[in-house]
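Participant: just the structure for this:
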Amino acid sequence: MTTVHTSSIQSLPLLARGKVRDNYAVGEDRILMVASDRLSAFDVIMGEPIPGKGVILTQMALWWFDRLGHLCANHLTGDAPESVVTPQEVPQVKDRSMLVKRLKPIPVEAVVRGYLAGSGWKEYQESRAVCGVPLPEGLSNASKLPRPIFTPAAKAAAGAHDENISYDKVVEVVGPALAQQIRETSIAIYEAAAAIALAKGMIIADTKFEFGLDEAGTLVLMDEVLTPDSSRYWPIEGYEAALAAGTNPPSYDKQFVRDWLEATKINGKPWDKTPPAPRLPAEVIEKTAAKYREALERLTG
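Facilitator: Sure, this is the predicted structure:
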């Protein structure tokens with residue numbers, strides 16, 4: 001398998017490089033999305049790739065798109081990504097790319113939470129609510145919520161953190177009918193996916209979806225979906241113990257990298273979370289790659 005930190009497809013115009021994906025224009029109406037092996041932590045891209053990560057993310061997203069089509073249209077064209085690049089460029093796109101419809105993106109991150117974690121737990125401690133959604137007293141870190149909640153975020157400019165916003169703000173941005181459709185669709189997809197994952201021994205604590213509109217104004221699920229980069233996956237083993245202890249359950253994502261970065265010192269001082277990132281040791285890279293592999297194998301096995 002080819003490891004790709006940064007793709008270089010010369011035969012197509014580059015549209016944008018995100019934290020993980022490189023997007024190329026294919027004519028006026030399609031985009032080639034290449035998932036690189038880059039990893040970002042604390043919104044900083046690491047210098048070292050995680051081998052196989054882009055392939056795992058893509059295979060996982062395709063697996064989910066396949067199972068969720070009855071709930072929402074998605075952006076896949078069904079065409080082979082290899083068909084739009086030169087033979088020399090095929091190794092860079094094989095198994096790690098999607099050839100998708102070009103849509104009008106909706107500038108809202110559709111976040112659904114089924115459990116209290118991360119920024120949601122922080123917010124709950126301060127206000128007993130998340131993104132303006134009131135929650136009952138007595139919840140703790142990693143608690144399952146009475147029902148999944150829609151807690152949108154505004155898409156930030158590159159390098160900045162996405163910002164939690166209220167549902168009213170979504171209504172302001174896209175109008176009441178589309179806001180309601182996004183909320184209902186997001187929760188329906190999350191509930192279906194959470195049930196599938198739970199049967200495989202994994203909890204999806206929260207996730208974020210991105211949507212766009214096609215020419216007819218139809219809502220379309222786009223970007224990646226339900227990968228460890230866009231979702232908090234916890235194995236069911238260890239969940240109860242973590243909940244009882246009030247700690248974060250072990251997760252299938254870049255937690256190894258985050259923990260190592262938090263503990264590492266540069267010239268005797270903690271890293272200030274600005275580029276350049278410290279060089280990741282081989283052991284942290286391998287452990288992280290193994291976690292991503294395990295998530296895919298557990299889900300699809």
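Participant: where along the stretch 201-301 of the chain do the strands fall?
Facilitator: 202-213, 219-222, 231-235, 265-266, 269-270 (DSSP state E, counting those that start in this stretch).
Participant: now these as a markdown table including mean neighbour count, distance to Val85 and mean pLDDT?
Facilitator: Every residue, glycine included, has its C-beta placed from N, CA and C. A markdown table is the format used below for the strands of the stretch 201-301 of the chain (neighbours: other Cβ atoms under 10 Å; distance: least, Cβ to Cβ, whole Å; pLDDT from 0 to 100):
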| stretch | mean neighbour count | distance to Val85 | mean pLDDT |
| --- | --- | --- | --- |
| strand 202-213 | 22 | 23 | 97 |
| strand 219-222 | 22 | 21 | 98 |
| strand 231-235 | 23 | 29 | 95 |
| strand 265-266 | 10 | 39 | 91 |
| strand 269-270 | 9 | 42 | 94 |
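Participant: do you know the pLDDT at Lys155?
Facilitator: Per-residue pLDDT puts Lys155 at 79.
Participant: isn't it right next to Ile106, touching?
Facilitator: No - if you go by Cβ atoms under 8 Å, Lys155 and Ile106 don't touch, sitting 9.1 Å apart.
Participant: neighbour count: those two, which is higher?
Facilitator: Regarding Lys155 and Ile106, a neighbour count based on other Cβ atoms under 10 Å identifies Ile106 as having more, with 22 against 13.
Participant: just to revisit the earlier point, any chance of the strands of the stretch 201-301 of the chain in CSV, with distance to Gly54 too?
Facilitator: Formatted as CSV, the strands of the stretch 201-301 of the chain follow (distance: least, Cβ to Cβ, whole Å):
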stretch, distance to Gly54
strand 202-213, 18
strand 219-222, 17
strand 231-235, 17
strand 265-266, 28
strand 269-270, 30
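Participant: for Asp162, which of these is the nearest?
Facilitator: strand 202-213 (8.3 Å; Cβ to Cβ).
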